[in-house]
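> Provided below for reference: sequence and predicted model.
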Amino acid sequence: MTTTDTPALADGPFARSVEPARLAPAVPAPTVAAQTSVDAIELSIVMPCLNEAETLATCIDKAQGYLRRSGVVGEIVIADNGSTDGSQQIARDHGARVVDVPDKGYGAALIGGIAAASGTYVIMGDADDSYDFSDLDAFLERLRAGDELVMGNRFRGGIEPGAMPPLHKYLGNPVLSTIGRLFFRSPIRDFHCGLRGFNRAAIQSLRLQTTGMEFASEMVVKASLEGRRVSEVPTTLKKDGRSRPPHLRSWRDGWRHLRFLLIFSPRWLFLVPGTAAFAIGMLGTLYLSFGPLVVGDVGFDVASQVYLAALAAVGYQGVIFAILTKIFAQHEGFRIPRSRNFDRLERRISLESSALAGVALFLVGLVVGVVQFSGWASSGFGALHAIATVRAAIPAAVLMILGAQTVMAGMFLGVLSVGLKRR
């Protein structure tokens with residue numbers, strides 16, 4: 001490795017989360033001669049760190065051993081996220097460069113470490129001794145061949161007994177990885193492997209933003225959406241060497257990953273099923289307003305109409321949610337798939353147009369209600385035919401509900417359109 005007086009901070013979005021690194025006095029680098037230029041560094045091994053004193057030295061020593069054995073010109077960067085157990089000094093004593101990242105979170109630490117790295121390629125991995133930093137040849141081979149993101153696959157390489165909780169092994173990782181492959185046409189089968197390598201410039205161009213655990217998903221999703229060269233290599237996972245519980249919280253962090261995937265895929269999760277539900281529900285509701293429907297031995301009447309009306313309302317809400325989610329994601333800078341049809345729709349909808357459409361729907365339903373009330377009044381407010389009355393009242397109520405939903409969605413769209421100065 002090469003020790004310099006100041007870290008080489010990259011331009012671009014990664015630089016925003018990093019303060020100047022606090023570096024130790026120069027120490028002899030075991031892997032790179034002192035005269036080597038920072039520009040000549042090929043590989044930066046970056047480890048996020050938050051109180052990893054128990055295992056950090058082992059991880060650094062393995063990485064140093066790999067650089068010596070392979071002859072790769074490299075450095076080891078510890079992105080410290082506010083350790084209070086002396087991890088920073090341990091890292092310096094073992095020849096690593098420490099970058100202090102004040103912004104909290106797994107993603108924030110990695111963004112800071114990547115910004116401070118000097119290598120053409122970066123291999124990142126947790127500092128808990130669960131990944132083998134002494135065996136990185138497969139990653140570097142694919143990177144040199146032109147792949148821009150190389151993921152480790154623990155299911156192909158081997159998982160030591162007790163290294164991954166059953167909840168993660170049989171539910172969390174398989175489900176989230178399947179969703180990722182389905183929604184984003186990604187070839188990756190282990191979305192959340194913490195050991196991965198990438199071309200630093202290519203990943204910086206993705207403008208990764210998330211500061212928490214969902215950073216792992218964001219990297220794969222954006223690389224897949226933008227058509228980057230992505231591949232997988234087998235890697236192993238062993239039980240981490242710490243005596244304390246891991247920072248990962250299964251349900252909380254699993255939900256954060258899932259939530260991130262949903263933001264990037266509103267079409268297939270909300271728009272398509274929502275449109276289908278709305279169409280079936282609304283058509284069925286209107287059809288049954290003229291009378292019952294009999295199909296073979298099965299009859300459909302007002303009870304079915306009530307449930308179809310509810311289906312229409314839920315489906316319509318799904319469509320609205322898909323549109324608002326996509327607009328929100330684009331306003332926040334997430335690079336999600338765009339289409340010309342959606343761009344045209346976005347240009348045409350506004351608070352005003354949504355309010356007008358919503359009021360129109362509401363008024364149609366209200367008119368039906370007024371007509372019913374007038375008929376009731378003309379009969380002296382006497383007894384009504386229950387089934388006939390309900391059959392007409394249900395579509396009127398649905399139209400009023402859809403109108404109110406449209407008006408409120410337009411108001412929320414207006415909130416999204418307000419220009420804000422971001423800190």
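Great, that's in hand. Numbering: from 1, shown residues only.
> where does pLDDT dip in the stretch 251-400 of the chain?
251-254, 256-257, 263-264, 330-343, 345-347 (pLDDT under 70).
> residue boundaries of the helices in it?
Taking DSSP state H, counting those that start in this stretch to define them, one finds helices in the stretch 251-400 of the chain at 266, 272-288, 302-331, 340-348, 351-378, 386-417.
> and of these, who's closest to D147?
helix 302-331 (27.0 Å; Cβ to Cβ). For the C-beta atoms, the positions are set from N, CA and C on the backbone; glycine is no exception.
> could you list every helix and strand in contact with that closest one?
Helices and strands touching helix 302-331, by 3 or more Cβ pairs under 8 Å, 6 or more residues apart in numbering; DSSP states H and E, are helix 250-263, helix 266, helix 272-288, helix 340-348, helix 386-417.
> which of these is buried the deepest?
When the helices and strands packed on helix 302-331 are scored by mean count of other Cβ atoms under 10 Å, the highest mean neighbour count falls to helix 266 (a mean of 25).
> do you know how far S289 is from I320?
As for S289, its distance to I320 is 24 Å (criterion: Cβ to Cβ, to the nearest Å).
> of those two, who's got more company?
A side-by-side neighbour count of S289 and I320, using other Cβ atoms under 10 Å, places I320 first with 23 against 20.
> pull the contacting residues for the closest residue to the more buried one other than its chain neighbours.
For I320, the nearest residue in space outside its immediate sequence neighbours is A409; the separation is 4.6 Å by Cβ to Cβ, 6 or more residues apart in numbering. Residues in contact with A409 (Cβ atoms under 8 Å, 6 or more residues apart in numbering) are I320, I323, L324, S354, G358.
> redo that, cut-off 7 Å
I320, L324, S354 (Cβ atoms under 7 Å, 6 or more residues apart in numbering).
> cool, and G157?
By Cβ under 7 Å, 6+ apart, the neighbours of G157 are P234, T235, T236.
> ok now the helix or strand encompassing V77, how far from the chain's centre?
Counting by DSSP states H and E, the element that carries V77 is strand 74-80. Centre-to-centre, strand 74-80 and its host chain are 26 Å apart (Cα atoms, centre = their mean, to the nearest Å).
> for stretch 184-196, same thing?
Taking Cα atoms, centre = their mean, one finds the center of stretch 184-196 at 13 Å from the center of the full chain.
> which residues are in contact with it?
Residues beyond stretch 184-196 that count as contacts (Cβ under 7 Å, 6+ apart) turn out to be 124-126, 131, 149-155, 173, 176-177, 180-181, 216-217, 220-221, 224-225, 230, 232, 235.
> wait, E75 sits on I41?
Yes. Taking Cβ atoms under 7 Å as the definition, E75 is a contact partner of I41 at 5.5 Å.
> the more surrounded of these two?
Higher neighbour count among E75 and I41: E75, with 30 against 22, using other Cβ under 10 Å.
> restricted to strands, list the contacts of stretch 184-196.
Counting by DSSP state E, the part of the contacts of stretch 184-196 found in strands is M124, L149, V150, M151, G152, N153, V230, E232.
> quick check: beta-bridge partners of the third one?
Beta-bridge pairing of V150 under DSSP bridges involves G197, S231.
> need the contact list for it.
Residues in contact with V150 (Cβ under 7 Å, 6+ apart) are F139, R142, L143, R196, G197, F198, S231, V233.
> ok so, going back, packing partners of the strand holding V77?
In this structure, strand 74-80 packs against strand 43-49, helix 56-70, helix 87-93, strand 97-100, helix 106-116, with contacts taken as 3 or more Cβ pairs under 7 Å, 6 or more residues apart in numbering; DSSP states H and E.
> what's the shortest one packed up against?
Judged by 3+ Cβ pairs under 7 Å, 6+ apart, the packing partners of strand 97-100 are strand 74-80, helix 87-93, helix 106-116.
> got the contact list for stretch 292-310?
Taking contacts as Cβ under 7 Å, 6+ apart, the residues outside stretch 292-310 that touch it are G281, G284, T285, Y287, L288, I387, V390, R391, I394, V398.
> show me what contacts the fourth one?
The contact partners of Y287, taken as Cβ under 7 Å, 6+ apart, are L293.
> quick one: it and V368, what's the gap?
In this structure, Y287 and V368 are separated by 16 Å, where distance is defined by Cβ to Cβ.
> same question, the fifth one
Using Cβ to Cβ, one obtains 15 Å as the distance from L288 to V368.
> so which of the ones in strands among the contacts of stretch 184-196 is the most crowded?
Of all these, the highest neighbour tally under other Cβ under 10 Å goes to M151, namely 29 neighbours.
> what residues are up against that one?
Taking Cβ under 7 Å, 6+ apart, we find M151 in contact with I188, D190, C193, R196, V220, E232.
> any chance of those in TSV, plus distance to E52 and pLDDT?
Below are those laid out as TSV (distance: Cβ to Cβ, whole Å; pLDDT from 0 to 100):
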residue	distance to E52	pLDDT
I188	26	88
D190	23	89
C193	19	91
R196	19	96
V220	24	91
E232	26	95
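> from the residues you listed, pick the one nearest L402.
V220 (37.6 Å).
> distance of the residue nearest the centre of the chain relative to M408?
If you average the C-alpha coordinates of the chain and look for the closest C-alpha using Cα atoms, centre = their mean, you land on F260, 2.6 Å from that point. From F260 across to M408, the span is 26 Å (Cβ to Cβ).
> just Q317 next, same as before
As judged by Cβ to Cβ, Q317 and M408 stand 10 Å apart.
> and if you look at L50?
With the distance defined as Cβ to Cβ, L50 ends up 42 Å from M408.
> ok, G227 next?
For G227 relative to M408 (Cβ to Cβ), the value is 37 Å.
> most distant residue from the centre of the chain?
Seen from the C-alpha centroid of the chain, the residue lying at the greatest distance (Cα atoms, centre = their mean) is G380, 60.7 Å away.
> list the contacts of it.
When contacts are taken as Cβ under 7 Å, 6+ apart, G380 is in contact with no other residue.
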